[in-house]
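Student: Could you look at this predicted model? Sequence included:
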Amino acid sequence: MAQYTPQELANRLKDGLLSFPATAFDAELNIDEKKFREHLAWQSSYDVAGLFAAGGTGEGFSLTPEESASVIRMAVEEAGSKVPVLASAGGTTAQAVENARAAEAAGAEGILLLPPYLTECDQAGLAAYADAVARATKLGVIVYNRANARYDADTVAGLADRHENFIGFKDGVGDIEHTTKVYAKNGDRLFYLGGLPTAETFALPLLQLGMSTYSSAMFNFVPEFALEFYRDVRNQDRVAVNEKLNRFVLPYIDIRDRVKGYGVSIVKGGLKAVGRDAGGVRPPLQDLTERDLADLAALIESAAVRPAVAAVPHGA
Ligand SMILES: O=C([O-])C(=O)C[C@H](O)[C@@H](O)C(=O)[O-]
């Protein structure tokens with residue numbers, strides 16, 4: 001049974017940093033439960049507003065529905081008493097409905113609806129996709145505006161009218177005109193979160209467009225830095241944000257941009273570099289090359305962003 005109503009969940013999520021934990025894999029790329037639980041325990045020891053398991057950075061798109069449900073269960077068990085756990089849903093409409101129901105049964109507090117699988121779709125179809133998921137669960141639902149799933153302001157407003165449990169709009173497209181229209185039309189009925197790759201890069205300007213928070217992939221391996229960055233953004237401290245962009249975020253995205261799909265791989269590279277190896281990524285993603293990993297490790301040192309807290313073994 002969820003601890004938060006959808007509105008309580010939205011109120012909590014909108015004013016803190018959002019964690020998107022990587023899913024740990026073993027050498028055969030099966031889920032490494034022990035390492036994943038250790039990672040969840042560590043991540044949830046920090047002051048974040050929500051933990052989204054099996055999201056993009058958690059390679060939700062590479063998990064079977066059964067694996068996704070078990071990842072959510074582990075997240076609820078390890079972190080649910082400290083921070084609300086949200087689950088991803090996506091793929092076919094039927095699978096997204098199944099993901100949402102399984103997440104609710106596993107004790108999740110909310111759903112992030114990923115884009116539908118592969119096919120193109122227009123507004124009425126997208127609305128039907130999100131309707132099916134919002135109807136299938138009592139949990140709060142956030143849509144992820146990205147790739148083939150571009151929800152117009154009117155489509156978002158229709159979802160908000162039809163479903164009390166529709167609570168949020170996450171943007172991974174970065175079209176300023178579109179974001180402005182969605183926010184102007186829907187205002188405080190929803191909360192808004194940034195979800196562009198390496199969301200820190202855009203966090204300060206997007207605050208002006210109504211995005212009070214964002215999904216931080218780098219929080220996985222440099223949590224203190226990511227939290228300080230978020231504090232600077234919310235304080236609108238342009239000088240501090242620029243200093244952190246120049247010191248770490250911008251050189252980091254230079255490495256990320258060397259290979260398509262590195263947005264996730266570089267997070268696992270970062271975990272390796274700080275001594276918290278969560279294994280490799282599943283295809284079609286590729287692990288960082290040795291040179292890219294060495295460059296990332298050198299950047300973490302030169303930028304002085306290595307996490308302060310030592311690894312705590314699971315169960316300690
Ligand atoms: O589902 C996810 O992991 C994302 O939203 C993508 C990333 O977290 C993105 O915001 C980032 O790379 O910081």
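Tutor: Sure thing, it's come through. Residues are numbered from 1 along each chain as shown.
Student: pLDDT weak spots in this protein?
Tutor: Applying pLDDT under 70 to the chain picks out residues 309-316.
Student: for the ligand, what are the nearby residues on it?
Tutor: When proximity is defined by Cβ under 6 Å from any ligand atom, the chain lies next to the ligand at 20, 55-57, 195, 197-199, 215-217, 263. For every residue, glycine as well, the C-beta is placed using N, CA and C.
Student: now for those residues, which pair is the farthest apart?
Tutor: 55 and 198 (14.3 Å; Cβ to Cβ).
Student: which of those two has more neighbours?
Tutor: Counted by other Cβ atoms under 10 Å, residue 55 and residue 198 do not tie: residue 55 has more neighbours, with 27 against 20.
Student: quick one: secondary structure of that one?
Tutor: coil (DSSP: H, G, I helix; E, B strand; the rest coil).
Student: Now for it: which residues touch it?
Tutor: By Cβ atoms under 8 Å, 6 or more residues apart in numbering, residue 55 lies in contact with 20, 88, 112, 215.
Student: Can you pick out the ones from those residues that are in strands?
Tutor: 88, 112, 215 (DSSP state E).
Student: just the strands in the chain please.
Tutor: Under DSSP E, the chain gives strands at 18-19, 50-53, 85-91, 110-116, 140-145, 166-171, 191-194, 213-216.
Student: Tell me which two of the contacts of residue 55 sit farthest apart.
Tutor: 88 and 215 (11.2 Å).
Student: Need the residues touching each of those two.
Tutor: 52, 55-56.
Student: could I get those residues as CSV with distance to residue 247?
Tutor: Shown next, in CSV, are those (distance: Cβ to Cβ, whole Å):
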residue, distance to residue 247
52, 27
55, 26
56, 25
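Student: in stretch 156-164, what's buried?
Tutor: Residues of stretch 156-164 classed as buried: 156-160, 163 (neighbour count, 16 or more other Cβ atoms under 10 Å).
Student: The residue in the stretch 1-150 of the chain positioned nearest to the ligand: how many residues sit nearby?
Tutor: Distance from the ligand to each residue of the stretch 1-150 of the chain (Cβ to the nearest ligand atom) is smallest for residue 56, at 2.8 Å. Residues near residue 56, counting by other Cβ under 10 Å, number 21.
Student: mind listing what the closest residue to residue 108 other than its chain neighbours touches?
Tutor: Spatial nearest neighbour of residue 108, chain neighbours left out: residue 87 (4.3 Å); criterion: Cβ to Cβ, 6 or more residues apart in numbering. Contacts for residue 87 (Cβ under 8 Å, 6+ apart) come out as 52-54, 68, 72, 75, 99-100, 102-103, 106, 108, 110-112.
Student: Go again with 6 Å.
Tutor: Shown in contact with residue 87 (Cβ atoms under 6 Å, 6 or more residues apart in numbering): 53, 72, 103, 108, 111.
Student: Including neighbour count, could the residues you listed go into TSV?
Tutor: Shown next, in TSV, are those (neighbours: other Cβ atoms under 10 Å):
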residue	neighbour count
53	29
72	28
103	30
108	32
111	31
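Student: Dihedrals phi and psi, the residue nearest to residue 253 when sequence neighbours are not counted?
Tutor: Nearest non-adjacent residue to residue 253, counting by Cβ to Cβ, 6+ apart: residue 198, 5.2 Å away. The phi and psi values for residue 198, taken as degrees, to the nearest 10, are phi 50, psi 70.
Student: Could you do residue 121 as well?
Tutor: Dihedral angles (degrees, to the nearest 10) for residue 121: phi -160, psi 150.
Student: Any figure for the gap between it and residue 133?
Tutor: Residue 121 is 14 Å from residue 133, where distance means Cβ to Cβ, to the nearest Å.
Student: do residue 259 as well
Tutor: 32 Å.
Student: Same question for residue 59.
Tutor: 20 Å.
Student: what's the answer for residue 221, then?
Tutor: For residue 221 relative to residue 133 (Cβ to Cβ), the value is 31 Å.
Student: Which residue of the two possesses the greater neighbour count?
Tutor: Set residue 221 next to residue 133 and count neighbours by other Cβ under 10 Å: residue 221 wins out with 28 against 24.
Student: Fine by me, we can end here.
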